[in-house]
Each structure stands twice: as C-alpha cells, then as structure tokens.
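Engineer: From the sequence below, what's the structure:
(one chain, ligands or ions: 2)
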Amino acid sequence: MLIYEYEESNADPRTPHNSGKYLTAEVLAAIGVEAHIRITQTTVDALAIERGYSNWDEVTISREKMGDQYEPKLAIFFEEHLHEDEEIRFILDGAGYFDVRGADDRWIRIKVEGGDLVVLPSGIWHRFVVDEGDYIRAMRLFKDGPKWTPLTRSAGMDENKARQEYVKDVAEGRFPASAITTM
Ligand code: KMT
Ligand code: NI
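Structural biologist: Ligands and ions are numbered 1, 2, ... in the order given. Predicted coordinates for the structure are as follows:
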C-alpha cells in the first residue's frame, strides 16, 4: 500500500499521479479511512465477524473478464461519489487506486495490492481505478444485501444525511486516532 497526495494532470487515471508527497495512515485515520496492510484471510474473517459483516462477494475488474463493459465500468468507478454505507474491500490480486478527498478536499491516492484492505466510511467522497496492469480482484464485504449505490457528487449532495454526518464526525474528531494494522 502507498498513500500520497494525488498530482493533478491530464494523464490517464491508471498512471500513478504520484506527487512524491507521501502521507501516513494516521492522516487517513483522521478522515475515517482504515488501511490494513498485507493482512491474511484469517484477519479479514475476524474483522468481518467483529463488525457484523456476514456476506461477501468477489469482483474481477479486467478487460478480459468484462469485454465491452470494461471501459464504461471503469468510468463509473472513477466518477466521484459517496455511499450511505461503509465500503470494505479486501484486495486478492492485481492492483488499483482508491482516491479519497482529504480534509482540504484534495485527492489522496491509496495504492492497493493483494493483501490490502480498506474501509471507506459512509459519506466520504471517493473514486476507484485499476493501475496500468488493468486488473484487480477483490472481496466486497456486506451485511444484508449489497448496497453500493454510488451517489455522484453535485451541489445538492451536501444535504445528504450520510454526507452531513460524515462531515460532522471529521470536524468533531470522532474517528479513532489510529486505525491501522500492519503485518
Ligand atoms: C467500488 O465500489 O469502487 C469497487 O468495488 C471497485 C472495485 S473493488 C477494488
Ligand atoms: Ni464507492
């Protein structure tokens, strides 16, 4: 896993956009993003039980697997959005980038690879893209039914309840100071 400030440019989003300004997992923790680096399936299972996640599925994002749907799907994943539930992804294989908005509304890029798990809190603006390898396989954890409706960023979305709660949680420092495990 690598965490850094995203460098804006017209280059393909699949390229690193690495500004060279690296950030610590504590910076992520403050905005409610948990980064678990190189964990095992056993640790994922324990985390799922602890948080009441009883279901999961597996997603493969690749040109090979998706055919004509590949580029359109990538475009959807890369559109800035939020969800009303947290988003937990355990990377099984391949690599990609989760971009999340930092406290200053600038993009923070999180490079994820096999063994990395991220938890994005409900209400955070984010987007996803594969890296130049054009391939990622991930486990998606969910509770009752999968609820990953992406709500695209727009002016009206400031009124969204999940968004307002998230903004309040960050402002009031309600996220744990350290939300990292490394192995
Ligand atoms: C999402 O919701 O953005 C995804 O599921 C992306 C693929 S998981 C690495
Ligand atoms: Ni999402």
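Engineer: nearest spatial neighbour of Val167, skipping sequence neighbours?
Structural biologist: Nearest non-adjacent residue to Val167, counting by CB to CB, 6 or more residues apart in numbering: Gly123, 7.2 Å away. Where you see a C-beta, it was placed from the backbone N, CA and C, and this is true even at glycine.
Engineer: all helices for this structure, in order.
Structural biologist: Listed in chain order, the helices of the chain (DSSP state H) span 25-30, 41-50, 63-66, 70-77, 161-171.
Engineer: right, is the shortest one up against ligand 1?
Structural biologist: No: Helix 63-66 is not in contact with ligand 1 by CB under 6 Å from any ligand atom; minimum separation 11.7 Å.
Engineer: residues of that helix that come out buried?
Structural biologist: When burial is assessed from 16 or more other CB atoms under 10 Å, helix 63-66 yields no buried residues.
Engineer: For that helix, give me every contacting residue.
Structural biologist: Identification of contacts with helix 63-66 by CB atoms under 8 Å, 6 or more residues apart in numbering yields Tyr70, Lys73, Asp134, Tyr135.
Engineer: Tell me how many other residues surround the third one.
Structural biologist: Yep, that's Asp134 we're talking about. Counted with other CB atoms under 10 Å, residues neighbouring Asp134 total 16.
Engineer: near ligand 1, which residues of the chain show up?
Structural biologist: Within reach of ligand 1 by CB under 6 Å from any ligand atom, the chain has these residues: Val59, Ile61, Phe77, Glu87, Arg89, Gly96, Phe128, Ile136, Ala138, Arg140, Trp148.
Engineer: Need the worst-confidence member of the residues you listed.
Structural biologist: Taking pLDDT as the measure, the residues of the chain next to ligand 1 have their low point at Trp148 (81).
Engineer: Which residue is the nearest non-sequential neighbour of Ser9?
Structural biologist: His17 (6.6 Å).
Engineer: now do Ile61
Structural biologist: Nearest one to Ile61, counting by CB to CB, 6+ apart, is Ile136 at 5.1 Å.
Engineer: Dihedrals phi and psi, the residue nearest to Val167?
Structural biologist: Note on Gly123: its backbone torsions stand at phi 90, psi -10 [degrees, to the nearest 10].
Engineer: How many residues are close by it?
Structural biologist: The burial count assigned to Gly123 is 24, neighbours taken as other CB under 10 Å.
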